[in-house]
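Colleague: Next comes the sequence, and after it the predicted model I'd like to discuss.
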Amino acid sequence: MRYFVLGATYVVRLDAGEKIVETLQDLCRRDGIGGGHFQGLGAVERAEIGHYDPAGRAYDWTVLAGPQEIVSLCGNITTLEGKPFVHAHIALGDGAFAVRGGHLKEAVVSATCEITLVRFRDDIGRIRDAASGATRLALEPTGD
C-alpha cells in the first residue's frame, strides 16, 4: 500500500495481492483513524461477500473467484471495542458484465485498488444490537 494525505483526505493505492479490508484496518490502526468514510475502484481476483439475514441473525457468504472489476466500493470507519472497524460494501462486475455485490468480508487486489478515505475529526463508535445481533453506529445521546 502507498498513500499520501491532503488535509483530512487519504489517497490510497493498493497493489496486486493486498487485501482491501485488512489493509484499511492496518492504516486506521497505524494513523489512529476512528471515524471516516471511503470510496474506491479497481480490480480484484477473489472476494468474499455477504448478505445479512435479519431473521437468522447471520450473514450468508459467497466467494467470487476470478477477475472482477470493482464497480463500486464504499464504507465507513468506526471503532468497535476500541479498535478501528471497517464496514464496507462492494459491487463487482465480471467478464460477462454481470454485477454482484454485498457486504465485503475481504477481497484480494488483482491489479490495483484506488481508495479515497476522508478522516473525521472525531471517532465514531459501534455497539452490538441485541435485537439483530449486528453492530450499529453508537449515536445515542451520552448525557454529556
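Modeller: Cool, got the structure.
Colleague: what ranges of the protein fall below the confidence cut-off?
Modeller: Applying pLDDT under 70 to the chain flags the ranges 141-144.
Colleague: Repeat the analysis, applying 50 as the threshold.
Modeller: 143-144 (pLDDT under 50).
Colleague: So which residues of it form helices?
Modeller: 20-31 (DSSP state H).
Colleague: Tell me where it has strands.
Modeller: In the chain, strands defined by DSSP state E lie at 2-6, 9-15, 36-53, 58-80, 83-93, 99-119, 126-128, 135-137, listed in chain order.
Colleague: packing partners for the second one?
Modeller: Spelled out, it's strand 9-15. Helices and strands touching strand 9-15, by 3 or more CB pairs under 8 Å, 6 or more residues apart in numbering; DSSP states H and E, are strand 2-6, helix 20-31, strand 99-119. (Each C-beta comes from the backbone N, C-alpha and C, glycine too.)
Colleague: Only alpha carbons, please: show the last one as PDB.
Modeller: Once non-C-alpha atoms are left out, strand 99-119 reads as follows in PDB (Å, rounded to 0.1, in the frame of the first residue of the first chain):
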ATOM      1  CA  VAL A  99     -22.700  -7.300 -11.300                       C
ATOM      2  CA  ARG A 100     -22.900  -8.900  -7.900                       C
ATOM      3  CA  GLY A 101     -22.400  -7.200  -4.600                       C
ATOM      4  CA  GLY A 102     -23.000  -7.100  -0.900                       C
ATOM      5  CA  HIS A 103     -21.100  -6.700   2.400                       C
ATOM      6  CA  LEU A 104     -17.400  -7.100   1.800                       C
ATOM      7  CA  LYS A 105     -15.700  -9.500   4.200                       C
ATOM      8  CA  GLU A 106     -12.400  -9.400   2.200                       C
ATOM      9  CA  ALA A 107     -11.100  -9.100  -1.300                       C
ATOM     10  CA  VAL A 108      -7.600  -9.600  -2.800                       C
ATOM     11  CA  VAL A 109      -6.500  -7.000  -5.300                       C
ATOM     12  CA  SER A 110      -5.500  -8.300  -8.800                       C
ATOM     13  CA  ALA A 111      -4.100  -5.100 -10.400                       C
ATOM     14  CA  THR A 112      -4.800  -2.100  -8.300                       C
ATOM     15  CA  CYS A 113      -7.400  -0.600  -6.000                       C
ATOM     16  CA  GLU A 114      -7.600   3.200  -5.600                       C
ATOM     17  CA  ILE A 115      -9.300   4.400  -2.400                       C
ATOM     18  CA  THR A 116     -10.100   7.900  -1.200                       C
ATOM     19  CA  LEU A 117     -10.600   8.000   2.600                       C
ATOM     20  CA  VAL A 118     -11.900  11.000   4.400                       C
ATOM     21  CA  ARG A 119     -11.000  11.100   8.100                       C
END
